[in-house]
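Undergrad: Let me see the structure of the following:
(one chain, ligands or ions: 1)
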Amino acid sequence: MTLRHSIRDLVAQTPFIDTHEHLVEESRRVHGVLHPALFPCDDWSLLFYHYTGDDLLSAGMPAEDRKRLFAPDTPSEEKYHLLEPWWQRVRHTGYGQAVRHTLRLLYSEEDLTAASLPRIAEKYRALICPGFYAQVLRQKACVEHCQVNSLERIFMETEQPDLLRQDLSTVALSSGLDRDEVERQSGQNADTLEGWLQVIDWHFERYGPRAVATKNQSAYNRRLDYTPVARSEAEVLFARLARGEALSPVESKRLQDFLMRYCIQKATEYGLPVKLHTGYYAGIAHMPLERVRQNASDLCPLLRDFPDTRFVLMHIGYPYQDEFIALAKHYPNVTIDLCWAWIINPTACVRFVKEFLTAVPASKLLTFGGDYLTVEPVCGHAEIARMGLTQALTELVEEGWLPREELPGVIELLMRGNARALFPDRTPTSP
Ligand SMILES: [Zn+2]
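TA: The predicted structure follows:
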């Protein structure tokens with residue numbers, strides 16, 4: 001057996017721990033309860049919604065056509081004709097390839113064509129039944145379990161706590177302070193900083209023992225320079241906010257900074273790693289690269305000030321991943337996560353894994369998170385991650401950077417061992 005084949009087999013047999021998804025609850029899918037952003041339609045076109053829908057717009061598909069494509073009442077044939085010319089343009093990207101692998105793995109179809117359309121439409125429907133999440137994730141994607149960041153809840157009380165372990169979101173509590181949203185979800189609110197810190201404490205007391213990590217994606221809205229702010233200053237700012245006064249952007253940032261640092265401290269007390277979005281933005285036509293470029297350097301004060309906190313920097317900070325190799329090498333409390341990155345730029349991730357492993361301890365890399373709302377393409381994404389890992393490891397051995405006999409140990413660490421060591425074990429105890 002060739003080196004590449006033996007690595008491919010080992011990678012294929014080793015289950016991933018999937019460290020990042022946004023999956024909606026399975027019952028929502030089974031009952032077809034639509035959500036305008038998270039689950040806009042319930043037919044085969046949903047497979048192309050998240051993230052391929054971004055590449056369709058990037059290629060030039062009119063926004064109105066995209067809307068029709070993912071509308072619940074558009075006829076299947078019309079959807080196909082809307083998609084087809086743009087699908088030809090995007091089918092080779094990481095997003096597109098993840099869908100093609102998904103079609104093959106779940107439905108035994110090589111591609112979406114006029115001929116395969118009716119079969120894919122039928123097979124899409126046939127798959128969805130109670131238990132299909134476990135079927136897709138465990139059998140098709142070979143994933144032990146996922147870590148889910150619900151976009152509906154600060155903490156999702158999931159129906160499947162073993163399969164879908166949950167992050168505790170700190171956005172509304174701190175860096176994207178949203179008192180109305182927190183009150184809507186938990187009935188908790190406060191007019192003073194003291195009271196708000198108790199609201200944060202309440203969330204950690206209630207959900208911390210069941211969460212796997214805290215998650216924060218405020219990098220979509222602000223820089224990651226969370227500076228130290230005196231409590232007395234934060235008290236004044238919070239009181240003004242509670243009185244209905246508008247804070248200036250600088251004041252608002254300082255209050256967020258204080259609250260974010262408080263949440264990081266709480267996460268550390270509860271033994272929860274702190275997951276932070278870094279790098280590339282989902283969507284189109286809004287990413288300020290100048291701000292994204294500062295993610296790695298903005299984080300340095302935080303990494304120094306919280307030496308006992310385990311930071312998970314997501315998406316390798318793409319396209320500035322070199323700087324994240326430097327952060328992981330230099331700061332003992334940093335782990336880098338390849339979640340989502342494999343489908344943003346697959347071959348960049350191959351280079352990244354090679355460079356990471358020859359620069360940074362192998363214990364500091366997590367190698368898979370599908371980052372999907374929809375469960376089906378997780379298996380296509382996992383396939384791409386396995387292809388990439390196989391290529392990177394094969395090249396490292398062939399080029400003399402990694403002894404062949406050390407491969408099994410490295411593969412085990414990268415695919416699940418590091419996640420196991422880093423995150424609290426939330427395996428439900430049997431009754
Ligand atoms: Zn995500």
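
Undergrad: Alpha carbons of the lengthiest helix in the chain, in CSV - could you do that?
TA: Using DSSP state H, we find that the single longest helix of the chain is helix 376-398. Extracted in CSV, the C-alpha atoms of helix 376-398 (Å, rounded to 0.1, in the frame of the first residue of the first chain):
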residue,chain,number,x,y,z
GLU,A,376,-26.3,17.3,5.6
PRO,A,377,-23.2,19.1,4.2
VAL,A,378,-21.2,18.4,7.4
CYS,A,379,-20.3,15.1,5.9
GLY,A,380,-19.1,16.7,2.7
HIS,A,381,-17.1,19.2,4.7
ALA,A,382,-15.6,16.3,6.8
GLU,A,383,-14.6,14.6,3.5
ILE,A,384,-12.7,17.7,2.4
ALA,A,385,-11.0,18.0,5.8
ARG,A,386,-9.9,14.3,5.6
MET,A,387,-8.6,14.9,2.0
GLY,A,388,-6.6,17.9,3.2
LEU,A,389,-5.2,16.2,6.3
THR,A,390,-4.2,13.2,4.2
GLN,A,391,-2.4,15.4,1.7
ALA,A,392,-0.7,17.5,4.3
LEU,A,393,0.5,14.5,6.4
THR,A,394,1.6,12.6,3.2
GLU,A,395,3.7,15.5,2.1
LEU,A,396,5.2,16.0,5.5
VAL,A,397,6.3,12.4,5.6
GLU,A,398,7.5,12.4,1.9
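
Undergrad: tell me which residues of it are tucked away?
TA: Using 16 or more other Cβ atoms under 10 Å as the test for burial, helix 376-398 gives 376-397. C-beta coordinates here come from the backbone N, C-alpha and C atoms, glycine included.

Undergrad: list the helices and strands it packs on?
TA: helix 3-13, strand 16-21, helix 94-107, strand 143-148, helix 341-344, helix 346-357, helix 407-412 (3 or more Cβ pairs under 8 Å, 6 or more residues apart in numbering; DSSP states H and E).

Undergrad: Next one: Gly271 from Ala211, what distance?
TA: Distance of Gly271 to Ala211, given as Cβ to Cβ, to the nearest Å: 10 Å.

Undergrad: who's more crowded, these two?
TA: Taking other Cβ atoms under 10 Å, Gly271 and Ala211 do not tie; Ala211 has more neighbours (26 against 13).

Undergrad: backbone phi and psi for the more buried one, please?
TA: phi -70, psi 160 (degrees, to the nearest 10).

Undergrad: Thought Asp167 was touching it, still the case?
TA: Yes - between Ala211 and Asp167 there is a contact at 6.2 Å, judged by Cβ atoms under 8 Å.

Undergrad: Mutual contacts of these two, please.
TA: Phe155 (Cβ atoms under 8 Å, 6 or more residues apart in numbering).

Undergrad: count of residues packed around the closest residue to Ala63 other than its chain neighbours?
TA: Nearest residue to Ala63, sequence neighbours excluded (Cβ to Cβ, 6 or more residues apart in numbering): Leu57, at 6.6 Å. Leu57 has 17 neighbours, counted by other Cβ under 10 Å.
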